[in-house]
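[1] give me a model of this one.
(chains A, B, C and D)
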Number of protein chains: 2
Amino acid sequence: MGIAERKEREKEEMRELILRAASKIFLEDGYEKTSIRKIADAIEYSPATIYLYYRDKNELLHGLHVEAFQKMMQEFAQIVPISDPFARLVEMGHQYIKFGTQNPELYNLMFLMDAPMESLACRNEIWDDGLRTFDALQAVVADCIKAGYFKETNVENISLTIWSYMHGLVTIYLKGRMKMFEDNRELERVQQSFTLFVKMIKTSL
Amino acid sequence: MGIAERKEREKEEMRELILRAASKIFLEDGYEKTSIRKIADAIEYSPATIYLYYRDKNELLHGLHVEAFQKMMQEFAQIVPISDPFARLVEMGHQYIKFGTQNPELYNLMFLMDAPMESLACRNEIWDDGLRTFDALQAVVADCIKAGYFKETNVENISLTIWSYMHGLVTIYLKGRMKMFEDNRELERVQQSFTLFVKMIKTSL
DNA sequence: TTGGATACTAAACAGCGTTTAGTACATTTG
DNA sequence: CAAATGTACTAAACGCTGTTTAGTATCCAA
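    Numbering: from 1, shown residues only, chains lettered A, B, ... in the order given. Okay, the predicted model is just below:
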């Protein structure tokens, strides 16, 4: 009997309906304003219904978290055709900065918020999405080593170090901590620093 | 007449009383649990009273923000006696990592939270505390240049680049994004990456 | 047809930051 | 000294929040 299958399908559709509404509100109005009640309103169900499909708000945010990483990986796909590994790494950095600065709410969700992590913690899943993205970086770094750009060989350590820098730069910008340089040339400073960092890894790794 | 002065003093004492209670709760229970109602409870006043001394919660958090920076600068003071500029810079990095990892809630408040920034924004003050700390870094970097350690001369850009890395590393750790390396050697990885970064700036700046 | 699973919700719980209206007391003024 | 003004404080409410409980319909299997 296909009834169980249909129910399963309907359940999945409902999960998707909720996630779409949540995503829309999250992207339009930001995290602060993405409340369960508002999501419920948007899909014309009661707030309690949402809890029949997601155990809590953290799990729902984890759903958006997954989508955010998909979007980032999609943008990283643009760098694949670049044949020179180092040029590919540099372009990956540009894409990272671009993604972060243009999607502050998503970036926050992906790398700063506690909520989606806590959803994973209690089910001791692992942080798959983040790992896949980190692997993408590691792959490019490994190519740089193979092509003789770097003398260092600890791919994981090099990748973590590069990511740390990129993440710090983007976060300082996004969280308004660059406003201390009173002029309004924050994005210029981001680019300037990135140029210096590229020079650094080129000459010293 | 000294009445105005006494009232002024009492007002300041009350502000301090509130701040001390807020600080205690913040350090013990973290940001999430630091509510106006709980602070009011601790000092045995009504929640509304707090609003006679702080315009809103953001301004109160900014008070803690100021103290957090004082504490950090205090720990940075330990590096002053180190005569070699580069060794001083490296030790400053160690202190930064130590402060961040041992005071996660404070670090969050200082460099990640929106709240204390928003308090400044509406009064268009500037981010003095952060600037002073950044200046401390710039001073050490300038010394490194003078001592011939670096060939680069843009102190601000070098400092921003170094801070970006440090901040990224600490944030990745604090926000649990290093848990993807399933083994439990996160702090070890932090040190390993820092060692690599030190090598990088030594050979390429 | 009946009985139990399923889908859903109204209402409540316990918390939040903040504001309003009003009281009690301290101080200044006539 | 009494009346008027100003100050310090708070109870209660407003409008939110995430989440749970209890109850009502509806669907489906026996």
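[2] once you drop chain neighbours, what's closest to the residue of chain A at minimum distance from chain B?
    Chain A approaches chain B most closely through A:Gly168 (2.8 Å), counting by C-beta to the nearest C-beta. All C-beta spots, glycine's among them, are computed from the backbone N, C-alpha and C. In this structure, A:Gly168 finds its nearest non-sequential neighbour in B:Gly168, 2.8 Å apart by C-beta to C-beta, 6 or more residues apart in numbering or on different chains.
[3] A:Met110 now?
    Nearest to A:Met110 is A:Ala68, by C-beta to C-beta, 6+ apart, at 5.0 Å.
[4] so the one you found makes contact with A:Phe111?
    No. Between A:Ala68 and A:Phe111 there is no contact under C-beta atoms under 8 Å: 9.6 Å.
[5] ok, residues contacting the helix or strand bottoming out on mean pLDDT in chain A?
    Within chain A, no helix or strand scores below helix A:115-121, which has a mean of 79 by mean pLDDT, DSSP states H and E. Applying C-beta atoms under 8 Å, 6 or more residues apart in numbering or on different chains, the external contacts of helix A:115-121 come out as A:56-59, A:61-62, A:64-65, A:109, A:126-127, B:175-177, B:179.
[6] how about whichever helix or strand comes after it and chain B, any contact?
    Going down the chain from helix A:115-121, the next helix or strand is helix A:128-146, by DSSP states H and E. Yes. Interface with chain B: helix A:128-146 contributes A:Gly130, A:Leu131, A:Phe134 (C-beta under 8 Å from any C-beta of the partner chain).
[7] averaged pLDDT, helix A:128-146. What do you get?
    Averaging pLDDT along helix A:128-146 gives 95.
[8] pLDDT on the next helix or strand after it, on average?
    Sequence-wise, the next helix or strand downstream of helix A:128-146 (DSSP H and E) is helix A:155-174. For helix A:155-174, mean pLDDT is 98.
[9] how about helix A:155-174: buried residues?
    Neighbour counts over helix A:155-174 (16 or more other C-beta atoms under 10 Å in any protein chain shown) mark A:155, A:157-174 as buried.
[10] likewise stretch A:81-96?
    With burial defined by 16+ other C-beta under 10 Å, the residues of stretch A:81-96 counted as buried are A:Pro85, A:Phe86, A:Arg88, A:Leu89, A:Val90, A:Glu91, A:Met92, A:Gly93, A:Gln95, A:Tyr96.
[11] likewise stretch A:39-46?
    Buried, per 16+ other C-beta under 10 Å, within stretch A:39-46: A:Ile39, A:Ala40, A:Tyr45.
[12] ok, and of these, which contact DNA strand C?
    Of the residues in the buried residues of stretch A:39-46, proximity to DNA strand C by C-beta under 7 Å from any atom of the strand holds for A:Tyr45.
[13] low-confidence regions, chain A specifically.
    Scanning chain A for pLDDT under 70 picks out A:1-7, A:122-124.
[14] repeat the analysis, applying 90 as the threshold.
    A:1-12, A:32, A:115-129, A:181-184, A:204-205 (pLDDT under 90).
[15] and the longest helix for chain A?
    Criterion DSSP state H: the longest helix present in chain A is helix A:3-29.
[16] after that helix, next one along is what?
    Assignment by DSSP H and E places the next element after helix A:3-29 at helix A:36-43.
[17] could you check how many residues crowd around A:Met73?
    As a burial measure, A:Met73 scores 13 neighbours (other C-beta atoms under 10 Å in any protein chain shown).
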